[in-house]
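Engineer: The following block contains a protein sequence and its predicted model.
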Amino acid sequence: MFRAQWMFELAPGMTSSGLEPLPCRASSRGPGVKSVDARGKQEIAKEEKAKELFLKAVEEEQNGALYEAIKFYRLAMQLVPDIEFKITYTRSPDSDGVGKRCVEDNKEDDKMADLLSDFQQQLTLQESSVKLCQPEVDVSQTHISVLPMEVLMYIFRWVVSSDLDLRSLEQLSLVCRGFYICARDPEIWHQVCLKIWGRSCNKLVPYASWREMFLERPRVRFDGVYISKTKYIRQGEQSLDGFYRAWHQVEYYRYLRFFPDGQVMMLTTPEDPPSIVPRLRTKNTRTDAILLGHYRLSQETDNQTKVFAVIMKKKEEKPIDYHKYRYFRRVPAQETDHSFHVGLQLCSSGRQRFNKLVWIHHSCHITYKSTGETAVTTFDIDKMYTPLFFARVKSFTAFSEKPL
């Protein structure tokens, strides 16, 4: 029946109603036009099916069923390869899924970056009488939160101490939000920077804060010792019978300790670190071979930080033995002053920062007091001058002698 009707409609000059159409209508409704319409309907149906499969895949992906989502994505793209660009979303497909989680993560990162202002705002909104901290449980003793802000800041300056123990300050900031705010006080970090760099740190630019300057700007470290170990083989004397000659392995250490007040200690000895490091805690050490002096930091034009120091042996006044020269005339010895000039380049090695010192200069200056002349001997920087690496010593910051 359908085939007969179809053949009847294809007959020239006839329609399904049996009436002859107008000539112009007959010329515009040919068999080619009808086939085009049929193909267009098929394409629309295929695209609708692909949209349905693609939206189903999006829903499965949001629910966490990734395997099912991939299957529906594949079916949709097999029907229409560019179906993703033909869909108009009424809402974002990941508005409550992955996108939302990413936005939340970004908010958390921003909050961590500006944690100080966030804590200050929380403490301001809590009560009219702002307290930096509150006791977690009820105690009968007086809690530290009762102390005024000035007293708390004085305690924090004792924590930093004259040794610039900023590591302890950072650990103290982990106690609570109030201690975190106190530990970020700009005045504390400003004084620390002044003690390290002096007048050269009057301007904060290009750093955002004094704390950032302390962390990023090259500096020597005070909570430990810079140590180097040198080894070499030396030829000994020939035996009496001439059959063999001994060879000696020489091993010694160099220790360099910096202080925040600009003083430095240097010691060269064959003794190993466990026996020497405890003696370097204070400047009033009884080790005879130790050299004391002053240092300064220099920022060169090539953006490299160098440390220059002038050190000399401690002067010890020996009493004059008059009985020794009682019966003969004493020949006065020419008095001299010895000093050593040291130049080091400050570097970073591995994960630690500013933990390496490389030798760039070493010379000995002998000054004759009678004439005022100075003789300079410059040593060649060779493989005997091995770099010094920093080792942190916990006992150096175990207790405080003076506040910041």
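Structural biologist: In hand now; what should we look at?
Engineer: which residues are contacting the lengthiest strand in the chain?
Structural biologist: In the chain, ranked by residue count with DSSP state E as the criterion, the top strand is strand 352-368. For strand 352-368, the external contacting residues (CB atoms under 8 Å, 6 or more residues apart in numbering) are 218-221, 226, 256, 306-308, 334-349, 373-379, 381, 385, 387-390. C-betas here are computed from N, CA, C, even on glycine.
Engineer: switch the cut-off to 7 Å
Structural biologist: By CB atoms under 7 Å, 6 or more residues apart in numbering, the residues outside strand 352-368 that reach it are 218-221, 226, 256, 306-307, 334, 336-349, 374-379, 381, 385, 387-390.
Engineer: Please, a ChimeraX command that selects the buried ones among those residues?
Structural biologist: Remark: buried members of the contacts of strand 352-368, expressed as a ChimeraX selection using 16 or more other CB atoms under 10 Å:
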select :218,219,220,221,226,256,306,307,339,340,341,342,343,344,345,346,385,388,389,390
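Engineer: Mind checking which of the contacts of strand 352-368 land in strands?
Structural biologist: Among those, DSSP E puts 226, 256, 306-307, 336-349, 374-378, 388-390 in strands.
Engineer: In the protein, what residue spans correspond to helices?
Structural biologist: 2-10, 23-28, 31-62, 66-79, 98-113, 115-126, 149-160, 166-172, 177-183, 186-197, 210-216, 273-276 (DSSP state H).
Engineer: if we can go back for a sec, just the mean pLDDT for the longest strand of the chain, thanks.
Structural biologist: The average pLDDT for strand 352-368 rounds to 89.
Engineer: buried stuff in it?
Structural biologist: So strand 352-368, judged by 16+ other CB under 10 Å, has buried residues Arg353, Phe354, Asn355, Lys356, Leu357, Val358, Trp359, His362, His365.
Engineer: Let me know the closest of these to Asp241.
Structural biologist: His362 (40.9 Å; CB to CB).
Engineer: how close does that closest one sit to Glu136?
Structural biologist: As judged by CB to CB, to the nearest Å, His362 and Glu136 stand 57 Å apart.
Engineer: Equivalent analysis for Phe85, please.
Structural biologist: 57 Å.
Engineer: Please enumerate the strands of the stretch 201-350 of the chain.
Structural biologist: Remark: strands assigned in the stretch 201-350 of the chain by DSSP state E, counting those that start in this stretch are 224-238, 245-258, 263-269, 291-299, 305-313, 336-349.
Engineer: Report the inter-axis angle for the first one versus strand 263-269.
Structural biologist: If I follow you right, that is strand 224-238. Computed by axes from the mean of the first three to the mean of the last three CA atoms, to 10 degrees, the angle separating strand 224-238 from strand 263-269 equals 30 degrees.
Engineer: Tabulate the strands of the stretch 201-350 of the chain in TSV, adding columns for mean pLDDT and distance to Asn202.
Structural biologist: Shown next, in TSV, are these (pLDDT from 0 to 100; distance: least, CB to CB, whole Å):
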stretch	mean pLDDT	distance to Asn202
strand 224-238	87	28
strand 245-258	88	22
strand 263-269	91	23
strand 291-299	88	14
strand 305-313	89	18
strand 336-349	88	21
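Engineer: residue ranges with poor pLDDT in the stretch 51-200 of the chain?
Structural biologist: 88-132 (pLDDT under 70).
Engineer: residues in contact with the closest residue to Thr268 other than its chain neighbours?
Structural biologist: Leaving out its chain neighbours, the residue that sits closest to Thr268 by CB to CB, 6 or more residues apart in numbering is Arg254, at 5.3 Å. Counting by CB under 7 Å, 6+ apart, Arg254 touches Ser228, Thr268, Leu388.
Engineer: Swap in 10 Å and give it another go.
Structural biologist: 226-230, 266-269, 357, 359, 385-386, 388 (CB atoms under 10 Å, 6 or more residues apart in numbering).
Engineer: So what sits opposite it in the bridge?
Structural biologist: With DSSP bridges as the criterion, Arg254 is bridged to Ser228, Thr268.
Engineer: again with Gln299
Structural biologist: Judged by DSSP bridges, the bridge partners of Gln299 are Thr305.
Engineer: quick one: contacts for it?
Structural biologist: Trp197, Ser200, Arg217, Pro218, Thr305, Lys306.
Engineer: again with Cys193
Structural biologist: Ser200, Cys201, Asn202, Leu204, Tyr207, Trp210, Arg211, Met213, Phe214, Arg217, Arg219.
Engineer: The same query, at a cut-off of 8 Å, please.
Structural biologist: With CB under 8 Å, 6+ apart, Cys193 has these contacts: Cys201, Trp210, Met213, Phe214.
Engineer: What's the separation between it and Pro260?
Structural biologist: Counting by CB to CB, the gap from Cys193 to Pro260 is 11 Å.
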